[in-house]
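Visitor: structure for the following, please:
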Amino acid sequence: MIEVNDHADVQFRGLRMVAEEEAPLRQVASGCQESYGYVDSLLGPRLACLDGNVYLTVGWTADALPTGGDDQAIIEALGEMAHETLINLRRT
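Guide: Just a heads-up that it's a prediction; the model follows:
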């Protein structure tokens, strides 16, 4: 989901508080001004990032994970994907 509006910061911070109640947040490089990753107990690894007026969330479905999958590695891969997505958005 990509949302571009003046409320991106409010959404990012509000949903960050919700995520903190669900699971420990993890630092992740994403090329965004702020970002965090976490593992949703039902949905699997998630990444959220805020960059100016863009709030981007991405995830990897839990049922697509191999048994014993490395959640941190997946979150880092989502961060790389977010970085590339932002590069492409800036070109448009």
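
Visitor: longest single helix anywhere in the chain?
Guide: helix 71-91 (DSSP state H).

Visitor: tell me which residues of that helix are tucked away?
Guide: Within helix 71-91, the residues scored as buried using 16 or more other CB atoms under 10 Å are 71, 74, 75, 76, 77, 78, 79, 82, 83, 85, 86. Placement of C-beta: from N, CA and C, glycine included.

Visitor: cool, and stretch 22-38?
Guide: For stretch 22-38, by 16+ other CB under 10 Å, it's 26, 28, 30, 32, 35, 36, 37, 38.

Visitor: from the residues you listed, which has minimum pLDDT?
Guide: By pLDDT, residue 30 ranks lowest within the buried residues of stretch 22-38, coming in at 87.

Visitor: surely residue 42 is in a helix?
Guide: No: assessed with DSSP: H, G, I helix; E, B strand; the rest coil, residue 42 is coil; it does not lie in a helix.

Visitor: and it, how far is that from residue 80?
Guide: Using CB to CB, to the nearest Å, we find residue 42 at a distance of 24 Å from residue 80.

Visitor: go on, residue 28?
Guide: In terms of CB to CB, residue 28 sits 9 Å off from residue 80.

Visitor: now do the host helix or strand of residue 36 and helix 71-91, the angle between them.
Guide: Element membership for residue 36 (DSSP states H and E) is strand 34-40. Inter-element angle recorded for strand 34-40 and helix 71-91: 140 degrees (by axes from the mean of the first three to the mean of the last three CA atoms, to 10 degrees).

Visitor: circling back to that earlier point, ok, the buried residues of helix 71-91 vs residue 49, which is closest?
Guide: residue 82 (5.1 Å; CB to CB).

Visitor: so what does the closest residue in space to that closest one that isn't next to it in sequence look like in phi/psi?
Guide: Leaving aside its chain neighbours, residue 82 sits nearest to residue 30 (4.4 Å; criterion: CB to CB, 6 or more residues apart in numbering). Torsion angles at residue 30 (phi, psi; degrees, to the nearest 10) stand at phi -140, psi 0.
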